[in-house]
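Engineer: Let me see the structure of the following:
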Amino acid sequence: SINPRQTNQTTRTGVKPIKKMMMKTATTLLCLLACSTASTTAFVVPSSNGHHANTKLFTATVDGDAVATGVGAAAISGLTSDVKTVFTSEDIDKILPHRYPFALVDKVVEYEEGKRAVGIKTVTKNEPHFTGHFPDRPIMPGVLQVEALAQLAGIVCLQMEGAAPGSIFFFAGVDGVKWKKPVVPGDTLVMEVEITKWRAKFGIAKAVGRAYVDGQLAVELKEMTFALAKE
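Structural biologist: Predicted coordinates:
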């Protein structure tokens, strides 16, 4: 025969492990949900209109709250979305005679025929002069910064009346050069030149120029003089 008291004790004993298991499962699910919510809010910062417009890839925690410390690649890349290319590297090769490793203008982003231009020189550690200037602290030589400005001026001059694309300009002089900060690999040198004089009959041009890195003046010169090589 079965003792009713014994059956009741067995039933109660079997219920305890089941309750413990259910409590552990519920606790685990709550932890997973909390972690998921925390990671989501850490990566997405709501905009003022309530939509998740900006994705933040880098976060820090301040007083227990996730605070975005970076804007991500798309936003950084978008900073130059309004800068349009006027002359590509291939276009420049059709104007200037310079070639690697002495082609120092990568593209032109502003151009006024016969007057001025803004050009870009991307500085990379793969350029040969950095192996010796200097091995432990690579710095773009100042004379190459001036040469880059001269090439940008050449892009303007070689499209003016009395000159022809592919012609060779000689440096005839440079005055008032001042270097303000080192230009190093990883920098983007944004250059601007303005033609102040062009005497087509004699093939003589004069220009002023300056260049910036991250909005800070890196080099400026009061005057460059060029002479168009005669056949």
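Engineer: Sort out which residues of the helix or strand harbouring Phe171 are buried, please.
Structural biologist: Assigned by DSSP states H and E, Phe171 falls within strand 169-175. Using 16 or more other C-beta atoms under 10 Å as the test for burial, strand 169-175 gives 169, 174. For glycine as for every other residue, the C-beta is placed from the backbone atoms N, C-alpha and C.
Engineer: Pull the residues that contact it.
Structural biologist: 146, 150, 154, 157-158, 204-205, 221-229 (C-beta atoms under 8 Å, 6 or more residues apart in numbering).
Engineer: Which of those are buried? Put it as a ChimeraX command.
Structural biologist: Restricted to buried positions by 16+ other C-beta under 10 Å, the ChimeraX selection for these reads:
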select :146,150,154,157,158,204,205,221,224,225,226,228
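Engineer: Going by distance to Glu192, which of the contacts of strand 169-175 wins?
Structural biologist: Within the contacts of strand 169-175, the smallest distance to Glu192 is 11.4 Å, found for Leu221 (C-beta to C-beta).
Engineer: my guess is the closest one meets Gly209, correct?
Structural biologist: Yes. With contact defined as C-beta atoms under 8 Å, Leu221 reaches Gly209; the gap is 5.5 Å.
Engineer: Now for those two: what residues contact both?
Structural biologist: Common neighbours of Leu221 and Gly209, counting by C-beta under 8 Å, 6+ apart, are Leu149.
Engineer: coming back round to it: can you name the next helix or strand after the strand holding Phe171?
Structural biologist: Counting by DSSP H and E, the element after strand 169-175 in chain order, helix or strand, is strand 178-179.
Engineer: Direction included, what does that following strand pair against?
Structural biologist: Partners of strand 178-179 in the sheet, by DSSP bridges, are strand 216-228 (antiparallel).
Engineer: Need the contact partners of the partner strand.
Structural biologist: For strand 216-228, the surrounding residues in contact (C-beta under 8 Å, 6+ apart) are 142, 145-146, 149-150, 153-154, 157, 162-163, 167-181, 183, 189, 193, 196, 203-212.
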